[in-house]
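Q: Sequence and predicted structure, then a few things I'm wondering about:
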Amino acid sequence: GPYIGPRLLEWLRRDFEPVRRTVSDMAQDLTALAGEVSARTGAALLVQNLIASSALNRISNYAWLGDSFSESLPVMAMEANLMLSDLSRAPNVSMIDSDALAADLGVRHVPDGAHASRELLEAQRGEFHRVLRVRGIPGF
């Protein structure tokens, strides 16, 4: 695209291999990471979900349209958010629900579908502080 020059694209093609990862793959890795962090340090993970709420994507199920749609970014974002929600049931994992914050404030606070407005960023920051206080982290 307009933000990536030809030398960077050449380097990416030459030195990297695309790896397809499913939401299940990510869930397994994050579950293992949470277990390892807990076992080694007793610490907790704090994850933030994706902002999947959008004025652009109002279809809730693309599966009937075939693999290309079921692998689309909106569907994968929703599935990833469900996975993170399930993961946050573990005692050493907390989640900031950025998607719920965006929905509460209104999707206009995510004008391009990815980047948050100042108000949404402040709401996210407040949630981070709240979770850190609940976890008993000094200074919060």
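A: Now that the structure is in, tell me what you want to look at.
Q: Go through the helix or strand hosting Glu122 and flag the buried ones.
A: According to DSSP states H and E, Glu122 maps onto helix 118-134. The neighbour-count check on helix 118-134 (16 or more other C-beta atoms under 10 Å) flags 120, 123-124, 127, 131-132 as buried. C-beta: built from backbone N, CA, C; applies to glycine.
Q: What is the longest helix seen in the chain packed up against?
A: The longest helix of the chain (DSSP state H) is helix 23-41. Secondary-structure packing of helix 23-41 (3 or more C-beta pairs under 8 Å, 6 or more residues apart in numbering; DSSP states H and E): strand 45-48, helix 73-87.
Q: can you put the ones you listed in JSON lines and add mean pLDDT?
A: Formatted as JSON lines, the helices and strands packed on helix 23-41 follow (pLDDT from 0 to 100):
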{"stretch": "strand 45-48", "mean pLDDT": "95"}
{"stretch": "helix 73-87", "mean pLDDT": "88"}
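Q: So which of the ones you listed is nearest Val23?
A: helix 73-87 (4.5 Å; C-beta to C-beta).
Q: Look at the closest residue to Pro111 other than its chain neighbours and say how many residues are nearby.
A: Once flanking residues are discounted, Pro111 sits nearest to Ser117: 7.1 Å by C-beta to C-beta, 6 or more residues apart in numbering. Residues near Ser117, counting by other C-beta atoms under 10 Å, number 15.
Q: Please work out which residues outside the helix or strand harbouring Ala100 touch it.
A: Using DSSP H and E, Ala100 falls within helix 98-105. Outside helix 98-105, the residues that touch it by C-beta atoms under 8 Å, 6 or more residues apart in numbering are 48-53, 81, 109-110, 116-117, 119-120, 123-124, 127.
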